[in-house]
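Chemist: just coords:
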């Protein structure tokens, strides 16, 4: 079981094409959940949750910042949807590798 999912949102740790990353990542999440939720509503909530993490001042964990914001817009069972997110990260998230640039040889 993963203990953490780390995001390098500004590309400072892993050089990448941020626009391409967001497109592949968000498209993958959208595809994963589109059969369960209205895509536009879900992705709006997902983006707002992501922005809440990016604007987090450290007073709370990024996990709590994301879920508190996300659940304002999506009525969902936290444990069920979190398991689905973890499954996405174990399987489909690897697609974002296509936009990561290797800098070491």
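Modeler: Now that the structure is in, tell me what you want to look at. Note that this is a predicted model, so its numbers are computed, not measured. Numbering: from 1, shown residues only.

Chemist: ok, residue 28 - how many residues close by?
Modeler: Using other CB atoms under 10 Å, residue 28 has 18 other residues around it. Yep, even glycine has a C-beta here, placed from its N, CA and C like the rest.

Chemist: ah, wrong one, I meant residue 25
Modeler: Using other CB under 10 Å, residue 25 is surrounded by 19 other residues.

Chemist: now swap in the one 4 residues further on and tell me
Modeler: Using other CB under 10 Å, the number of residues around residue 29 comes to 21.

Chemist: That one in helix, strand or coil?
Modeler: Secondary structure, DSSP: H, G, I helix; E, B strand; the rest coil: residue 29 is helix.

Chemist: pLDDT value on it, please?
Modeler: Here, the pLDDT recorded for residue 29 equals 95.

Chemist: Give the residue spans of the chain that score low on pLDDT.
Modeler: Applying pLDDT under 70 to the chain flags residues 8-12, 14, 101-105.

Chemist: all strands of it, in order?
Modeler: With strands called from DSSP state E, the chain shows none.

Chemist: residue ranges of the helices in it, please?
Modeler: For the chain, the helices defined by DSSP state H occupy 18-33, 39-54, 62-73, 78-90.

Chemist: Those helices: which one's closest to residue 100?
Modeler: Residue 100 sits nearest to helix 18-33 of all these, at 7.9 Å, using CB to CB.

Chemist: Let me know which of the helices of the chain is the nearest to residue 99.
Modeler: helix 18-33 (4.1 Å).

Chemist: Many thanks, we can stop here.
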